[in-house]
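Asker: Predicted structure and sequence below. I'll ask about it afterward.
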Amino acid sequence: MSLFEWFGESYNPGPVGSMEFGKKQKVSRTNGIVLLRLFISLFIITGIFYLVFADRVEFNIGNAARLSGIIFIYLVISYFIRPAPDTSNIGWFGGLIDHPFRYSDDINRFLLFFKIFLLPGAFISESLIEGVLLTLKK
């Protein structure tokens, strides 16, 4: 944080987003959409395993368990943490240029990056949970 940002923020503070924790509100989807999302999610997870073990890493139980653990932790974090940046304060020209007199836009930029980083994991984890719940309903 620069001195300009510290002085500017004390004079004219900008809005800052938030982090929401817990389960997301349930969205009603048809069984076909749930199955499509489940298929896409399983395809993505299979693709990750293929990309890691194709030519880079030797496939064995230990490496597969480590990758599974990393994916599991990412999916749990993505399911329970939802960053909500305030997009009205991410810099000048829609975020192309950093606001030199505010550090709150830096916080919102971080929240936006974190949201984009967690978005695929949220999709996959919600799809897997909805798929399991669909099979338990029958």
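Answerer: That came in fine, so what should we check first?
Asker: In the host helix or strand of residue 106, which residues are buried?
Answerer: For residue 106, the enclosing helix or strand under DSSP states H and E is helix 104-137. For helix 104-137, burial by neighbour count (16 or more other CB atoms under 10 Å) applies to 104-109, 111-112, 114-115, 118, 121-131. Using the backbone N, CA and C atoms, a C-beta is placed for each residue, glycine as well.
Asker: which SS class is residue 25?
Answerer: Secondary structure, DSSP: H, G, I helix; E, B strand; the rest coil: residue 25 is coil.
Asker: mind showing which ranges of the chain have poor pLDDT?
Answerer: 1-14, 91-103, 138 (pLDDT under 70).
Asker: Centroid-nearest residue for it?
Answerer: Nearest residue to the geometric centre of the chain (CA atoms, centre = their mean): residue 118, 1.0 Å.
Asker: quick one: contacts for that one?
Answerer: The contact partners of residue 118, by CB atoms under 8 Å, 6 or more residues apart in numbering, come to 77-78, 81-83.
Asker: change it to 10 Å
Answerer: Counting by CB atoms under 10 Å, 6 or more residues apart in numbering, residue 118 makes contact with 74-75, 77-83, 125.
Asker: Let's have these in TSV, adding secondary structure.
Answerer: Output for the contacts of residue 118, formatted as TSV (three-state DSSP):
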residue	secondary structure
74	helix
75	helix
77	helix
78	helix
79	helix
80	helix
81	strand
82	strand
83	strand
125	helix
